[in-house]
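Undergrad: structure for the following, please:
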Amino acid sequence: MTTQFTLDPAAMLAEASLPVDPRAPYQQGLQRLADALRGEGRLHSRGAAAVHGGLVTALRLRAAVERLHAQVPDVGNVPLRRPIFVTGLLRTGTTLAQNLLTEHPAMRAPALWELMLPVSESGADAEDLADRAQGYVDEYYTVAPLLRSIHFLDARRPDECHRLTGNAFASMVYGMRYRVPSYDRWLDENGMLAAYRDHRRQLQAILWRRPGRNVVLKCPFHLWHLSDLVRVYPDARIVVLHRDPAVTVVSTCLLCETVRGARSDAIDRHEIGRQWSTAVATGLRRFARDRAALPPTAQLIEADYVDLVRDPIATMREICDRLGVGLDGPAETAMRRYLAAHPQYSTGAYRYRAEDYGLDPMHLARDFAALRRP
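TA: Predicted structure coming up:
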């Protein structure tokens, strides 16, 4: 008999052995997301099964995090002093910047496997957990093969911390992976304060298991929600990458089309173009507003994608100096070694056109002219 995955929140909560609590912010997010997935997502049967499994896993993970905090109160005392958040519009070089910062011996960046499995109750060691996460990467590259060229994933390398806010069911990543416009509107109106509080509790669990200072996290979606981020992390050091938004919006459309194709056969390119051209404009306006209102305890460091690609070491030296860690010989050598092993950052392996997404390059240039970095 074929199992029907209805994406019903009550059923998923029961599967994760959690009670229904409509007042819980994460369950409100789950309800909105599930409603949108069922009514708008256009998932194929394999996609629905994968999404169901992913949401139940997220519920189980957040329950495990809460058990850990309850059983080991010291987890809540793990210090999170001046964490570093790398952000910027999608496709602005944030992945490269984070991976290079990770090579600095003074930095601690959680690996993808840690973000996917912030708590393990199975007794598995780090290698076992990393192997499990690598299985997810391999499966995703199989169902979305172009993703390998667009976004670098490795279970043992750092990745985006939307995986932590995703466990609170409040993340723009869901609007990237799936067609869920009503959920996108809800998230835009509701904000991410509760999700960042969950993010912090999960990060403490990660650092309790494997400590470290100068923690480096990365997610483009922070750019849209800096005001909520700094309410939870008031001493955050925020590294923002800039690139011509008329270029990033089209590259973002390609990424969205690629990841949605993993779970759906009904992809509307022009709809994706409208979604992300609007979202990019919103993100830039939000950043301009939040940038001016950052608390004095926060630090903002800005850099350009063009400079990062043209001379990554010089750009990273400037960023590291601003972060107060410098770039000495061993750190620079490690970064150069990383660049030599990952030449795709300078060559590119895919192409995209604005017209494919119903967008006009001249109109994009005109519309985003006022939103470019001065």
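Undergrad: could I get the full set of helices for the stretch 101-250 of the chain?
TA: In the stretch 101-250 of the chain, the segments counted as helices under DSSP state H, counting those that start in this stretch are 112-116, 126-143, 147-150, 162-166, 173-177, 181-190, 193-209, 226-232, 245-260.
Undergrad: arrange those in JSON lines, one row each, with distance to residue 7, mean neighbour count and mean pLDDT as further columns.
TA: The C-beta positions use only the backbone N, C-alpha and C, and glycine is treated the same way. JSON lines is the format used below for those (distance: least, C-beta to C-beta, whole Å; neighbours: other C-beta atoms under 10 Å; pLDDT from 0 to 100):
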{"stretch": "helix 112-116", "distance to residue 7": "21", "mean neighbour count": "24", "mean pLDDT": "97"}
{"stretch": "helix 126-143", "distance to residue 7": "18", "mean neighbour count": "15", "mean pLDDT": "92"}
{"stretch": "helix 147-150", "distance to residue 7": "23", "mean neighbour count": "16", "mean pLDDT": "86"}
{"stretch": "helix 162-166", "distance to residue 7": "15", "mean neighbour count": "25", "mean pLDDT": "97"}
{"stretch": "helix 173-177", "distance to residue 7": "12", "mean neighbour count": "21", "mean pLDDT": "98"}
{"stretch": "helix 181-190", "distance to residue 7": "12", "mean neighbour count": "16", "mean pLDDT": "97"}
{"stretch": "helix 193-209", "distance to residue 7": "20", "mean neighbour count": "21", "mean pLDDT": "98"}
{"stretch": "helix 226-232", "distance to residue 7": "27", "mean neighbour count": "20", "mean pLDDT": "98"}
{"stretch": "helix 245-260", "distance to residue 7": "16", "mean neighbour count": "23", "mean pLDDT": "96"}
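Undergrad: so how far is stretch 317-329 from its chain's centroid?
TA: Centroid separation for stretch 317-329 versus its chain: 24 Å, with C-alpha atoms, centre = their mean, to the nearest Å.
Undergrad: for the helices of the stretch 101-250 of the chain, give me TSV that also has distance to residue 10.
TA: Conversion of the helices of the stretch 101-250 of the chain to TSV gives the following (distance: least, C-beta to C-beta, whole Å):
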stretch	distance to residue 10
helix 112-116	25
helix 126-143	26
helix 147-150	33
helix 162-166	20
helix 173-177	19
helix 181-190	18
helix 193-209	21
helix 226-232	28
helix 245-260	27
